[in-house]
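**Q** My questions are about this predicted structure, shown below with the sequence.
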Amino acid sequence: MSEKNVVMIKLGGSVITDKSREFTSRNEVIDRLAREIHCFVGRSRTKLIVAHGGGSFPHVYAKQYKIHLGGYSNETAEGVSRVQNSAARLNRLVVERMMEIGENPISIQPSACVLARNSRIIRWNTTILEKALDSGLVPVPYGDVAFDEAKGCCILSTEEILRYLATRLTVSKIVIGIKEKGVLDRNGKLIPVVSKSNLKGVLEWVKGSSGIDVTGGMRSKILTLYEIAKANDEIECVIVDVSKPDALKNCLEGKHVTGTIIRR
Ligand SMILES: Nc1ncnc2c1ncn2[C@@H]1O[C@H](COP(=O)(O)OP(=O)(O)O)[C@@H](O)[C@H]1O
Ligand SMILES: [Mg+2]
């Protein structure tokens, strides 16, 4: 618990890839987001973790081999290899792009160090990640496959990774970047705040993902963020449309941006 005021960002898989086309990254979007992040890091002393989703990279194999449902067969093993490789391919790309704009990212491969039970992280020695933060690097973990004590293997959502890290580090803010305005009501209108008073109602109709996604889409995002906020109300949790230029930068700088705040 050596870190003070870590800010964690998730670049949504639907933002940095085209979920309707297999293995298709949106390089210009990754570049722009990397620049916005770099601009913020340059001006502040905040320690940053930049996590990202897998979008049309790992989700293709995850779905094909049903890795999220677990299993122990030879076919499952083949699927685990493919999911981890495709998730890592996108991760290398994000890391490379961040380096190119002058940031010092370091890839953190969850499948190599996380143990899960029923898709929740139960063990992860985060010493290396904390060392990276202490050394001025930006850790870049990502949605990945993991070994699972209960069902053999699972898909770790990026949100679950952030939930676990929030229990290990002193986190001040979590920004979940998506390509919608935020959490939307049944008429497509933005819900600015999700908290105890409206959570049940919101969950009654919020769906999963419209794209390929095996980890539960918006619904599980809300549930995981609510769990984080409930456990620690000092963490500001926001869902923001980072497909809009400067939204991420403004949000990091504490300016008002359109989006949904999740609190207890
Ligand atoms: N009520 C809602 N408000 C916003 N998005 C919703 C809602 N219900 C379902 N979604 C879907 O959830 C998606 C975000 O989840 P997901 O696809 O998992 O994003 P990511 O790939 O960025 O993790 C949105 O793009 C949208 O298709
Ligand atoms: Mg998702």
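**A** Thanks, I have the structure now. Remember, predicted model here, so these are calculated numbers, not experimental data. Ligands and ions are numbered 1, 2, ... in the order given.
**Q** and residue 187, how many neighbours?
**A** Residue 187 sits with 5 neighbouring residues when counted by other Cβ atoms under 10 Å. Heads up, the C-betas are built off the backbone N, CA and C, glycines and all.
**Q** Apologies, that question was intended for residue 57.
**A** Other residues within reach of residue 57, judged by other Cβ under 10 Å, total 28.
**Q** Residues of the chain that sit close to ligand 1?
**A** With Cβ under 6 Å from any ligand atom as the criterion, the chain meets ligand 1 at residues 12-15, 53, 55, 178-180, 183-184, 206-207, 209-211, 213, 217-218.
**Q** Tell me the buried residues within these.
**A** The neighbour-count test (16 or more other Cβ atoms under 10 Å) marks 12-15, 53, 55, 178-180, 183-184, 206, 209, 211, 213, 217-218 as buried among the residues of the chain next to ligand 1.
**Q** where's residue 118 relative to ligand 1, distance?
**A** With distances taken as Cβ to the nearest ligand atom, to the nearest Å, residue 118 is found 19 Å from ligand 1.
**Q** show me what contacts that residue?
**A** Residues near residue 118 by Cβ atoms under 8 Å, 6 or more residues apart in numbering: 148, 150-151, 154.
**Q** out of those, who has the most neighbours?
**A** Taking other Cβ under 10 Å as the neighbour criterion, residue 154 ranks highest of the contacts of residue 118 with 30 neighbours.
**Q** circling back to that earlier point, from the contacts of residue 118, which land in helices?
**A** Applying DSSP state H to the contacts of residue 118, no entry is found in helices.
**Q** Quick one: mark the members of those that sit in strands.
**A** Within the contacts of residue 118, residues falling in strands by DSSP state E are 148, 154.
**Q** Strands of the stretch 151-264 of the chain, residue ranges please.
**A** Residue ranges of the strands in the stretch 151-264 of the chain, as given by DSSP state E, counting those that start in this stretch, are 152-156, 171-178, 193-194, 236-241, 259-262.
**Q** buried sites along the longest one?
**A** Going back to what we said before, that points to strand 171-178. The neighbour-count criterion (16+ other Cβ under 10 Å) identifies 171, 173-178 as the buried residues of strand 171-178.
**Q** for it, packing partners?
**A** With contacts taken as 3 or more Cβ pairs under 8 Å, 6 or more residues apart in numbering; DSSP states H and E, strand 171-178 sits against strand 6-11, helix 13-16, helix 158-168, helix 217-231, strand 236-241, helix 247-252.
**Q** ok, now with 10 Å
**A** Identification of packing neighbours for strand 171-178 by 3 or more Cβ pairs under 10 Å, 6 or more residues apart in numbering; DSSP states H and E yields strand 6-11, helix 13-16, strand 47-52, helix 158-168, helix 217-231, strand 236-241, helix 247-252, strand 259-262.
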